[in-house]
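Asks: From the sequence below, what's the structure:
(2 chains)
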Amino acid sequence: MNQALGYVTRAGIWRSARPRGDGPWTLQLTDETLPLPCDRTIPWYLHAYLRFDFETDRRPSHEGGTKVVTREYIYSLRVGADEEGEVLTWHWHPNVGGAPDPHVHVRADHDDVPGLRDLHLPTSRVFFEDILLFAVRNLGVYCREGGEAGLKDLRHRTGSWASWGGS
Amino acid sequence: MSRLVGPMVGSLAAVSRVGVRLRRRVRRSQEDYLPPLSPSETRQLLDTRARRNLNMSADEFVRRLKAGDLPDTSVVQGLAMLVGEDLSSRAGSR
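Replies: A predicted model of the protein is given here:
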């Protein structure tokens, strides 16, 4: 995760936390909301969390090993540091009633669709590398030389390890 | 003697630049391997961020989260991941 983040910014890093001594782990950004380098007057910001755990690896040729399993994620892109600047947010929180599947919230309005921004728009599973690649390719966020290729490679590897939604 | 000063200063500057880069690389690699926050440190972090974002303490955040009294926002769901209690099923009101 830090390798991916490092292709775009070193303003902060992911750091793990163990809220409970025997429960899942959480990845959180050391600066809760990170500015992303770009050429906008008002820069883009990243606000993200991820919860993970370890389990026995049952994949062929990996039996007996240990693999990381993502349990939950929040990836949010903002045009300001505050929550009010949130524009795009990808959620997966299977323990939340009413919205167990991956989805995205888009801060948009339409006269004929009240509450559009509150809708849970279904998505496939998204990975952290997907968010960074999207930001680099579509939002003018900079990445260092070779960073886009590096992110693509990381995405491919992470996807190949994932137990679901990796393709 | 004066003819040697320039090159000597230049060499020292080059060495110091290399040293700065090395120190920066070591610091970055060290940062990548910071130890995980303990449960108490995580609780303190939760309290700090809950107060900053939601004007409430960690205790109040947990109480209201369990009660389903908080919206399904990125801030709330993110902070929920810092909660140390079992929230195997929590409500979202968005």
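Asks: so where is chain A shaky, pLDDT-wise?
Replies: Where chain A drops to pLDDT under 70, the residues are A:167.
Asks: hmm, try it at 90
Replies: For chain A, residues meeting the criterion pLDDT under 90 lie at A:10-11, A:18-23, A:38-43, A:55-67, A:80-81, A:93-100, A:108-119, A:159-167.
Asks: how about the residues of it near chain B?
Replies: Counting by CB under 8 Å from any CB of the partner chain, the residues of chain A lying close to chain B are A:2, A:6, A:10, A:13, A:15-21, A:23, A:25-26, A:28, A:32, A:47-51, A:72, A:74, A:76, A:83, A:86, A:89, A:91, A:93, A:95-99, A:118. From N, CA and C alone the C-beta is placed, and that goes for glycine too.
Asks: what ranges do the helices span in chain B?
Replies: B:2-32, B:39-54, B:58-66, B:74-80 (DSSP state H).
Asks: Quick check: mean pLDDT of the longest one?
Replies: Right, the one you point to is helix B:2-32. Along helix B:2-32, the predicted confidence averages to a pLDDT of 59.
Asks: show me what contacts A:Leu154?
Replies: For A:Leu154, the contacting residues are A:3-4, A:129, taking CB atoms under 8 Å, 6 or more residues apart in numbering or on different chains as the criterion.
Asks: I'd like these as a markdown table, with neighbour count appended.
Replies: Putting the contacts of A:Leu154 into a markdown table (neighbours: other CB atoms under 10 Å in any protein chain shown) gives the following:
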| residue | neighbour count |
| --- | --- |
| A:Gln3 | 12 |
| A:Ala4 | 21 |
| A:Glu129 | 23 |
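Asks: Go through these and name the one nearest chain B.
Replies: Taking CB to the nearest CB as the measure, chain B sits nearest to A:Gln3 out of the contacts of A:Leu154, at 8.1 Å.
Asks: Bridged to the closest residue to B:Thr42 other than its chain neighbours, which residues?
Replies: Computed as CB to CB, 6 or more residues apart in numbering or on different chains, the closest residue to B:Thr42 that is not its neighbour in sequence is A:Ala17, at 4.3 Å. Beta-bridge partners recorded for A:Ala17 (DSSP bridges): A:Thr26, B:Leu37.
Asks: from what I can see A:Ala17 touches A:Gln28, true?
Replies: Yes - here A:Ala17 lies in contact with A:Gln28, judged by CB atoms under 8 Å, at a distance of 5.9 Å.
Asks: For the closest residue to B:Ala80 other than its chain neighbours, give its distance to A:Leu154.
Replies: Computed as CB to CB, 6+ apart, the closest residue to B:Ala80 that is not its neighbour in sequence is B:Leu65, at 5.8 Å. The span separating B:Leu65 from A:Leu154 equals 33 Å under the rule CB to CB, to the nearest Å.
Asks: ok, now A:Gly98?
Replies: When distances are taken as CB to CB, A:Gly98 and A:Leu154 turn out to be 32 Å apart.
Asks: Would you mind listing the residues in contact with the residue nearest to B:Thr42?
Replies: A:Ala17 makes contact with A:25-28, B:36-37, B:41-42, B:45, B:82, according to CB under 8 Å, 6+ apart.
Asks: Now, of those, which are buried?
Replies: For these, a neighbour count by 16 or more other CB atoms under 10 Å in any protein chain shown gives the buried set as A:25-28, B:37, B:42, B:45, B:82.
Asks: What's the local residue count around the residue nearest to A:Ile42 when sequence neighbours are not counted?
Replies: Closest residue in space to A:Ile42, ignoring its immediate chain neighbours: A:Val79 at 5.4 Å, by CB to CB, 6+ apart. As a burial measure, the neighbour count of A:Val79 was computed by other CB atoms under 10 Å in any protein chain shown and equals 17.
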